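Chemist: Show me how the following folds:
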Amino acid sequence: MAPKLIGRTFELNLLQEYLSSDHSEFVAVYGRRRVGKTFLIRKAASDNFAFFVTGMYRATKAEQLANFAIALQKSTGSERLSIQKNWILAFYELSRHLEKLPEGNKIIFIDELPWMDTAKSGFIAALENFWNSWAVLRNDIKLIVCGSATSWMINNLIRSKGGLHNRLTHNIVLNPFTLGECEVYFKESGFSYSRKQIAECYMALGGIPYYLSMMDKSKSVSQNLDYLFFSANAPLKDEFNDIYRALFKNASTHIDIVTALATKQMGLNRQELLTATRQADNGAFSTFLEELEQCGLIRSYVPFANKIAIGGGKRQKNKIIYQLVDFYTLFYFNFVKQNSYHDEQFWTTSYNSPLHNTWAGLSFEMLCLNHLSQIKQALGITGVQSLACSWRSNDTTISEQFDVMIDRKDDTVNLCEIKYANDAFEITKDYEARLIKKINAFANVTATRKSLILTMITSFGVKPNTHSAIIQKELTLNDLFRPLP
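Modeler: Numbering: from 1, shown residues only. Below you'll find the predicted structure:
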């Protein structure tokens, strides 16, 4: 039985609409590795391709051209393999094949397009020529391209300044599953995990469908994680290098950056990153940061107190904070890289240890950051423009911080305390005093005139007692599972 498509209803409907239109379409689908781009496209087209080819990872121009020729031979049914010497001729042969097909829409799917663009190969110029001088002049060509190298897709297609400038008719970004979509996936796949177990699975793997598909419903979350990461033939043990090498041609600096960020809960500014990575402060470093952000591995934000000062120049750049937001990367640094004794049950033996609890707290904060739409819906502020970020005092005499703050356009700030626990969280007298101190510090350091709402986000809620009244708004893990309209 063919695997069922879970979620992706919006993206599937878009693709099917483009495939059935009465004019030629050039559609780019992009998103991080293993997120399900190919599966979605195949489902939308029902595998009915006039031509389908997948780029080869780190292959030469000659190897890519041979691969293209083999795919074309399969499509034509020819006995003769004709390998062209350049991409102009290769795309010309493709157009000749398509011209011989019966009337009706003809779907061309080029998977992992960035891998085909080898150095000095002329691939992009040939693709431009194929589209601009032939495909766009017809009304039956549906060219779909996709790739995991998000930065390449954005810079060479979506923001192209060359012959493909404004030539894309549509682009679709495919994001990881939300918690709610993961819950649907597990139920459809016969799992009986609780929401807390699904959340902890998400905190290790992120909402990546391919990773979820590797889990065994007969095993617990802990057993699955031990198998996937720490067993003798662990399928995801080397995934870290595979991710970064596939995304970036020269990934060493990108890896240095995420290595530095993995140790800092609230992120680092540019100067701190330059110091940590020992890189030069130049345009190349800016490109590394931009590429990581485009691929959804890190995010940048401007701290609340510094927003007004942002404008340009070196001083302003150093006010921007960069923060790791990729679950697998965080899990890798906290557990996979720490398993120096090659313990095949390292996850199980680490459970509830200081190492696990520190990771769980940080990853739960990341979980909340990745579900801000659900949090805004639970707060009843879906239609209110807002910016979410962590906050730490820039006053050296005051060392206070908030895990997440939501700065709202309606002159209100939600100051969010995020706590991951196995039961209802109890606010003690000392913790209440700490919260009051933090609120006062925020008000004094930022000099804000906005209303401040202390918001608690926990796994299972706050235990009612004489100190819990300080909480003005309370959210739980269940709110992160909310389906969005």
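Chemist: for the longest helix seen in the chain, packing partners?
Modeler: Identified as the longest helix of the chain according to DSSP state H is helix 429-446. The contact analysis (3 or more Cβ pairs under 8 Å, 6 or more residues apart in numbering; DSSP states H and E) places helix 429-446 against strand 401-408, strand 412-419, strand 451-458. For glycine as for every other residue, the C-beta is placed from the backbone atoms N, C-alpha and C.
Chemist: who wins for proximity to Thr476 among those?
Modeler: strand 451-458 (5.9 Å; Cβ to Cβ).
Chemist: Next, the angle from that closest one to helix 429-446.
Modeler: Put simply, strand 451-458 runs at 140 degrees to helix 429-446, going by axes from the mean of the first three to the mean of the last three Cα atoms, to 10 degrees.
Chemist: quick one: strands adjacent to strand 451-458?
Modeler: Take DSSP bridges as the rule and strand 451-458 pairs in its sheet with strand 412-419 (parallel), strand 473-476 (parallel).
Chemist: returning to that earlier point: if we compare the helices and strands packed on helix 429-446, which one ends up closest to Ala441?
Modeler: Across these, closest to Ala441 is strand 401-408 (Cβ to Cβ), at 8.9 Å.
Chemist: List the contacts of the closest one.
Modeler: 266, 304, 307, 365, 368-369, 372, 375-376, 379, 381, 384-393, 413-418, 438, 442, 450, 455, 457 (Cβ atoms under 8 Å, 6 or more residues apart in numbering).
Chemist: strands paired with that strand, and their directions?
Modeler: strand 386-392 (antiparallel), strand 412-419 (antiparallel).
Chemist: looking at those, which has the lowest confidence?
Modeler: Mean pLDDT per stretch puts strand 386-392 lowest among the strands paired with strand 401-408, at a mean of 84.
Chemist: pull the CA atoms of it into PDB?
Modeler: This file holds the C-alpha atoms of strand 386-392, laid out as PDB (Å, rounded to 0.1, in the frame of the first residue of the first chain):
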ATOM      1  CA  SER A 386       3.900  41.100  17.100                       C
ATOM      2  CA  LEU A 387       7.500  40.200  17.400                       C
ATOM      3  CA  ALA A 388       8.800  37.300  19.600                       C
ATOM      4  CA  CYS A 389      12.300  37.000  21.000                       C
ATOM      5  CA  SER A 390      14.200  36.200  24.100                       C
ATOM      6  CA  TRP A 391      15.200  39.100  26.400                       C
ATOM      7  CA  ARG A 392      18.200  39.600  28.600                       C
END
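Chemist: If we go by neighbour counts, what in it is buried?
Modeler: Residues Ser386, Ala388, Cys389, Ser390, Trp391, Arg392 are the ones in strand 386-392 that count as buried (16 or more other Cβ atoms under 10 Å).
Chemist: Please tabulate those in JSON lines, including the columns distance to Ala424.
Modeler: Output for these, formatted as JSON lines (distance: Cβ to Cβ, whole Å):
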{"residue": "Ser386", "distance to Ala424": "28"}
{"residue": "Ala388", "distance to Ala424": "25"}
{"residue": "Cys389", "distance to Ala424": "28"}
{"residue": "Ser390", "distance to Ala424": "25"}
{"residue": "Trp391", "distance to Ala424": "26"}
{"residue": "Arg392", "distance to Ala424": "28"}
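Chemist: quick one: which of these is nearest Gln271?
Modeler: Distance to Gln271 across the buried residues of strand 386-392 (Cβ to Cβ) is lowest for Arg392, with 15.5 Å.
Chemist: and the gap between the closest residue to that closest one other than its chain neighbours and Leu367?
Modeler: Counting by Cβ to Cβ, 6 or more residues apart in numbering, Arg392 lies nearest to Gln401, which is 3.9 Å off, once chain neighbours are set aside. Separation of Gln401 from Leu367 (Cβ to Cβ, to the nearest Å) stands at 18 Å.
Chemist: Can you list the low-confidence ranges for the stretch 251-400 of the chain?
Modeler: The stretch 251-400 of the chain contains residues with pLDDT under 70 at 305-318, 395-398.
Chemist: which residues of it fall in strands?
Modeler: For the stretch 251-400 of the chain, strands defined by DSSP state E, counting those that start in this stretch occupy the ranges 268-269, 298-301, 321-324, 386-392.
Chemist: what does the last one contact?
Modeler: What that stands for is strand 386-392. 265-267, 301-305, 307, 321, 323, 369, 372, 376, 400-409, 415, 442.
Chemist: Who has more neighbours out of Gln401 and Leu367?
Modeler: Higher neighbour count among Gln401 and Leu367: Leu367, with 22 against 15, using other Cβ atoms under 10 Å.
Chemist: Now for that one: which residues touch it?
Modeler: With Cβ under 8 Å, 6+ apart, Leu367 has these contacts: Leu179, Ala199, Tyr202, Met203, Phe327, Leu480.
Chemist: Span of stretch 407-416 from start to end?
Modeler: The straight-line separation of the ends of stretch 407-416 (Cα to Cα, to the nearest Å) is 11 Å.
Chemist: got the buried residues for it?
Modeler: Those would be Asp407, Arg408, Thr412, Val413, Asn414, Leu415, Cys416, for stretch 407-416 by 16+ other Cβ under 10 Å.
Chemist: cool, and stretch 261-280?
Modeler: Neighbour-count burial for stretch 261-280 [16+ other Cβ under 10 Å]: 261-262, 264-270, 272-274, 276-277.
Chemist: what's the neighbour count on the residue lying closest to Ala441 once chain neighbours are set aside?
Modeler: On the basis of Cβ to Cβ, 6+ apart, the spatially nearest residue to Ala441 that is not a chain neighbour turns out to be Glu400, at 4.0 Å. The tally of other residues near Glu400 (other Cβ under 10 Å) stands at 17.
Chemist: tell me which element the nearest residue to Ala234 once chain neighbours are set aside falls in.
Modeler: Nearest residue to Ala234, sequence neighbours excluded (Cβ to Cβ, 6+ apart): Leu228, at 6.0 Å. Using DSSP states H and E, Leu228 sits within helix 221-230.
Chemist: next structured bit after that helix?
Modeler: Taking DSSP H and E, what comes next after helix 221-230 is helix 239-247.
Chemist: As CSV, could you dump the C-alpha coordinates of that following helix?
Modeler: Only the C-alpha atoms of helix 239-247 are listed here, as CSV (Å, rounded to 0.1, in the frame of the first residue of the first chain):
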residue,chain,number,x,y,z
GLU,A,239,22.8,12.8,9.9
PHE,A,240,24.4,16.0,11.2
ASN,A,241,27.2,15.9,8.6
ASP,A,242,24.8,14.8,5.9
ILE,A,243,22.5,17.8,6.6
TYR,A,244,25.2,20.4,6.5
ARG,A,245,27.2,19.0,3.6
ALA,A,246,24.1,18.6,1.5
LEU,A,247,22.9,22.1,2.2
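Chemist: helices or strands up against it?
Modeler: For helix 239-247, the packing partners by 3+ Cβ pairs under 8 Å, 6+ apart come out as helix 252-261, helix 327-331.
Chemist: hmm, who's touching it?
Modeler: Outside of helix 239-247, the residues within contact range by Cβ under 8 Å, 6+ apart are 32-33, 57, 148-151, 251, 254-255, 258, 291, 295, 328-329, 332, 336.
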